[in-house]
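Engineer: Below: sequence and its predicted model.
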Amino acid sequence: MARSYRSITPEVSRRIRLIMADVDGTLNTGGDDVSPRVRDVIKGLQDRGIMLGLVSGRTDPLLVKMAGMLNIGGPLIGENGAVARLSPDSGLVDLGYSRRPALEALEQLKARYPGRVREREDNSERLIDVVFWADGITSEELKQGLQDVQLLDSTYILHLMSKGIDKGKTLLRLLGQIDGGKIRADEVLVAGDSMTDLSLFKLFPISVLIPNPHIPAADRKILLKAAAYKSDHEAGEGFVEVAAHIINVRT
Ligand SMILES: [Mg+2]
């Protein structure tokens, strides 16, 4: 059960070598920018030798752009784990995932809900993940009859993706290649706000839930159970208070 971020001890704080942050609902509430306070605290972490990376449902090009803006050098994981690069300057890692099951599922849903299931405009920029809007249809309804795909609701957008792909597994796969494979899972802090971050919370012991008021109560319960720590504040400010605590107790 998630405890306050204040219970992150100096020892745990000093162990952290990499912070992987979700974007929407964690660093900001959407849009291309983050607040000056988020920007400052990211710089503070990097000044203390902690590497920063992003792990998001956003597309790879958007994450590369954001990494440039924030001046961070860690791994970038996009499309909820389906695409990744070891650093903003390196090429995409071949993870071997296919888009076909998600595209087929989208056609199935369009046929089932004519006019109500609509593709989002940035699908053409996505490599594996498929994003869409579903007017007035719940996730539970949408999930019925879908076979080889998972339906993810980030509260910002609905995603369809082949089963077995998630943020946590992809980050674990990358660890072996970062810094000569010397970063362990218990040296990584992961921060996220929604069910798309659950795999991170389960696979990485230093996990922080940033509360998101738009998460349904049942999901919130699952997230609180899986995460080790939680912030008091929501997106942006929640990340700032956790990062500031880590900086303060580290020294
Ligand atoms: Mg999020």
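Structural biologist: Great, that's in hand.

Engineer: Does S90 lie in a helix or a strand, and which?
Structural biologist: With elements delineated by DSSP states H and E, S90 resides in a region that no helix or strand encompasses.

Engineer: Tell me the pLDDT of the residue in the chain positioned nearest to the ion.
Structural biologist: The minimum distance from the chain to the ion, using Cβ to the ion, falls at G25 (3.6 Å). For the C-beta atoms, the positions are set from N, CA and C on the backbone; glycine is no exception. Predicted confidence (pLDDT) for G25: 96.

Engineer: Now D148, what are its backbone angles?
Structural biologist: Note on D148: its backbone torsions stand at phi -90, psi 10 [degrees, to the nearest 10].

Engineer: For the residue nearest to it when sequence neighbours are not counted, give its distance to V242.
Structural biologist: Take D148 and drop its neighbours on the chain: the residue closest to it by Cβ to Cβ, 6 or more residues apart in numbering is P101, 4.2 Å away. According to Cβ to Cβ, to the nearest Å, P101 and V242 sit 36 Å apart.

Engineer: Those two: who's more crowded?
Structural biologist: Neighbours per residue, other Cβ atoms under 10 Å: of P101 and V242, the larger number sits with V242, 27 against 20.

Engineer: residues contacting the residue lying closest to R3 once chain neighbours are set aside?
Structural biologist: What sits nearest to R3 in space, not counting adjacent residues and going by Cβ to Cβ, 6+ apart, is Y229, at 5.8 Å. With contacts defined as Cβ atoms under 8 Å, 6 or more residues apart in numbering, Y229 is in contact with 2-5, 7-8, 206-209, 242.

Engineer: Generate a markdown table for the residues you listed, with distance to G180 as supplementary columns.
Structural biologist: Compiled in a markdown table, the contacts of Y229 are given as follows (distance: Cβ to Cβ, whole Å):
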| residue | distance to G180 |
| --- | --- |
| A2 | 32 |
| R3 | 33 |
| S4 | 35 |
| Y5 | 30 |
| S7 | 32 |
| I8 | 26 |
| I206 | 21 |
| S207 | 24 |
| V208 | 26 |
| L209 | 31 |
| V242 | 28 |
